[in-house]
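Peer 1: the following comprises the amino acid sequence and a computationally predicted model.
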Amino acid sequence: MNSRAAAHWTVLPVIAVAFIAGGAIVGQVTGSAEFRTMTWWLGLVGTGLPLAWRTVRLALTGRFATDVVATLAVLAAIVLGEPLAGLIIVVMQTGGEALERYAEGRASNAVRALEEAAPRSAHRLRGESIEDIAASDVEPGDLLLVRPGELVPCDAEVIDGRSSVDASRLTGEPIPVHVAPGTRILSGSANGSGALTVRALARASESQYERIVQLVRTAQASKSPLQRLADRYAVWFTPITLVVCAITFAVTRDWVRVLAVLVVATPCPLILATPIAVIGGINRAARRQIVIRTGGALEQLGRVTTALFDKTGTLTIGRPRVSGLVRGVGFDAARVLRLAGAVEQHAAHPLAREVVDAAMADAAGPLPTARDVVEAAGRGVEGEVEGSVVAVGARSFVAERQPNAARALAGLDDGRASLRAYVAIDGQAAGLIDFADRLRDDAVSVLNELSALGVDRHLLITGDQAASARAVAAATGIREAWGDLSPEGKVRFVRDAVERGERVMMVGDGTNDAPALSAATVGIAMAAHGGGISTEAAEVVILNDRLGRVVEAVRIGRRTMRIARQSIWVGLGLSGVAMVLAALGRIPPTTGAILQEVIDVAVILNALRASWGGEGLTRPDAGPVRPLSEPCQTTCQTARPAAT
């Protein structure tokens, strides 16, 4: 339904209420029952017939939902001359639908967001000149200049220059990659501080970034439509109502009684209970910094059975920190870390900040000042501190700056850590600084709580190396873990689970997760640090850095749907009793419409409980990460070349 049509159906209940009130006022002022009835007739024809026509069109396309009985009641009211009863039915039907659209909020547009974030331009080298062209005009074999801070316009190979390239939103890897001649880089990666000359390997339309766009578009187009909770009940309630009407007419030959049955059987509990409960659940989630975009997403949260998790930034914090230091012979570990931190204060590499923080924490105070600092972008930094020349960075960089330390540094490397910085002081191998991405402190408890809620199958799917995936899986107790996955690979895992009949929740945070988030039954994006494209692809967005909010989202979904079902059963039960009384002639149509409003109030009051605090939603938040001293810090590492 487009925005103009949606606005029309939102205004319809307001118009119907205005005609009801207007007719009453006209009758009171003029003292004429005819004028009052005429006003109600105008309102019923103006609002009821469009509603009936829409129901007929939907029925012709095979959509059999809650509005069938309501439409029959409106048509019967017109035929039998009961305009007030018909107007009340219009208010109940269209009012419930307006609430439902309000509950759904804004729809995401992941494809649009991806396309807007795609590389737009490129700098093609023509001899000594530089030609600015659209990224779509790049041809394989073109030589391109990628300046610092720019996005790589297509999949390419570095021909000249050195830099650090951030591909985290494509691969999930948290650390920028040092690139040099011969390195292949992906479209959409962000260049760091060094200019690069690259050779295009593919057109922009055939590169990795565009494949992600196409995956998201395909996932959204192939996703099965959600059958609303109310419609599932309408499948059997509507035929029962029609049977009761047929029996009533067969026995009494009284069309007024049939109308009365239709009026009291109008499934307002179905129309109202779910949207009101959903609005309450969405508001409850929002207070916990959980944005649930649609009522359908909240329904699905209440039904998920399988959870798929990305690794970096989801189960781990996504930012490697100093996990240990191997000191060289004759060096004090505290001094090595302090001097390394002093020169790293002048470096731009993301890991430099981590070395500085670790050094300041270890020294419990400010670090000394470094002089004559020289930095090689993405490779390392060297400077003079307290009379000593200190080099920190990749082994190749440190060996270039202080060649006498090269052999000793190689001897210190035990090969266990895949991400580390090398430190040389005055030509001697001073030590190695190890880094590791760290498991979130609440990861294990979150998985246990999900199991207790019935989400008992957990999978880890990541673009990181398989060894890293297995390490995190072992630490969290996840039995199924796969690494080295492309975005296409992640989507395959999601679709395989969905095709087996599982209701799949995908939790991720990067652009490479966007297709899987779109393909899942419900996608949840961790967006504490902005989220980017993943927040557009997901139906649920966690605004803070608490993995435990995923459990809360599932709890809220389950509780909301339980309350909605309670409201539906109570409302339908009362409507069933009223149907019997109407068939016996005890309830006339207008009285039946008023009685149905009383039932609606009861349903609404019960459904409103979804916005109140529920059980298990108020436990304190766990801290985001484990301290460095706790186990598992060296197992949850991200495989990367050594860098500062």
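Peer 2: Received, thanks.

Peer 1: so D132, which state does it fall into?
Peer 2: Three-state call for D132 (DSSP: H, G, I helix; E, B strand; the rest coil): strand.

Peer 1: wait, T248 touches A583, no?
Peer 2: Yes. Contact criterion C-beta atoms under 8 Å: T248 and A583 qualify, at 4.3 Å. Backbone N, C-alpha and C define where each C-beta goes, glycine included.

Peer 1: now the common contact residues for those two.
Peer 2: The contact sets of T248 and A583 overlap at R257, V261 (C-beta atoms under 8 Å, 6 or more residues apart in numbering).

Peer 1: report the helix or strand with the lowest average pLDDT across the protein.
Peer 2: Each helix and strand of the chain was given a mean pLDDT (mean pLDDT, DSSP states H and E); the minimum falls on helix 110-117 at a mean of 58.

Peer 1: flag every buried residue along the helix or strand that comes right after that one.
Peer 2: Downstream of helix 110-117, the next assigned helix or strand under DSSP states H and E is strand 121-126. Within strand 121-126, the residues that qualify as buried are A122, H123, R124, L125, counting by 16 or more other C-beta atoms under 10 Å.

Peer 1: can you show me the CA trace of strand 121-126 as PDB?
Peer 2: What follows is strand 121-126, C-alpha atoms only, in PDB (Å, rounded to 0.1, in the frame of the first residue of the first chain):
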ATOM      1  CA  SER A 121      33.700   8.300  -8.400                       C
ATOM      2  CA  ALA A 122      37.200   7.200  -9.400                       C
ATOM      3  CA  HIS A 123      40.400   8.900 -10.500                       C
ATOM      4  CA  ARG A 124      41.700   7.200 -13.700                       C
ATOM      5  CA  LEU A 125      45.400   7.700 -14.600                       C
ATOM      6  CA  ARG A 126      46.100   8.600 -18.200                       C
END
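
Peer 1: how does this protein divide into domains?
Peer 2: 120-153+155-201, 288-310+440-551, 321-436 (automatic domain parsing).

Peer 1: which of the ones you listed sits closest to V278?
Peer 2: Nearest to V278, of all the domains of the chain, is domain 288-310+440-551, at 4.0 Å by C-beta to C-beta.

Peer 1: pretty sure D254 contacts G585?
Peer 2: Yes. Under the criterion of C-beta under 8 Å, D254 makes contact with G585 at 7.3 Å.

Peer 1: which one of the buried residues of strand 121-126 is nearest G318?
Peer 2: Closest to G318, out of all of the buried residues of strand 121-126 and judged by C-beta to C-beta, is A122, at 29.5 Å.

Peer 1: so which of the domains of the chain is the most packed in?
Peer 2: Mean neighbours per residue, mean count of other C-beta atoms under 10 Å, is largest over these for domain 288-310+440-551, with a mean of 22.

Peer 1: that domain spans what distance, first to last residue?
Peer 2: Domain 288-310+440-551 has an end-to-end distance of 12 Å (C-alpha to C-alpha, to the nearest Å).

Peer 1: could you give me the average pLDDT of that domain?
Peer 2: On average, the pLDDT along domain 288-310+440-551 is 87.

Peer 1: the top strand by length along the chain - which strands sit beside it in the sheet, and in what orientation?
Peer 2: Identified as the longest strand of the chain according to DSSP state E is strand 428-436. With DSSP bridges as the test, strand 428-436 is paired with strand 321-327 (antiparallel), strand 420-425 (antiparallel).

Peer 1: how about the ones you listed in a markdown table, adding mean pLDDT and distance to S164?
Peer 2: Compiled in a markdown table, the strands paired with strand 428-436 are given as follows (pLDDT from 0 to 100; distance: least, C-beta to C-beta, whole Å):
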| stretch | mean pLDDT | distance to S164 |
| --- | --- | --- |
| strand 321-327 | 87 | 18 |
| strand 420-425 | 91 | 13 |
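
Peer 1: would you list these in a markdown table and tack on distance to N448?
Peer 2: Output for those, formatted as a markdown table (distance: least, C-beta to C-beta, whole Å):
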| stretch | distance to N448 |
| --- | --- |
| strand 321-327 | 25 |
| strand 420-425 | 33 |
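
Peer 1: closest to R495 out of those strands?
Peer 2: strand 321-327 (35.6 Å).

Peer 1: after that closest one comes which helix or strand?
Peer 2: Proceeding N to C from strand 321-327, the next assigned helix or strand is helix 333-344, under DSSP H and E.

Peer 1: chain center to the helix or strand that comes right after that next one, what's the gap?
Peer 2: Later in the chain than helix 333-344, the nearest helix or strand by DSSP H and E is helix 350-363. The gap between where helix 350-363 is centred and where its chain is centred comes out at 33 Å by C-alpha atoms, centre = their mean, to the nearest Å.

Peer 1: one more: stretch 41-60?
Peer 2: Its chain's C-alpha centre and that of stretch 41-60 lie 37 Å apart, by C-alpha atoms, centre = their mean.

Peer 1: swap in stretch 450-459?
Peer 2: For stretch 450-459, the distance to the chain centre is 19 Å (C-alpha atoms, centre = their mean).
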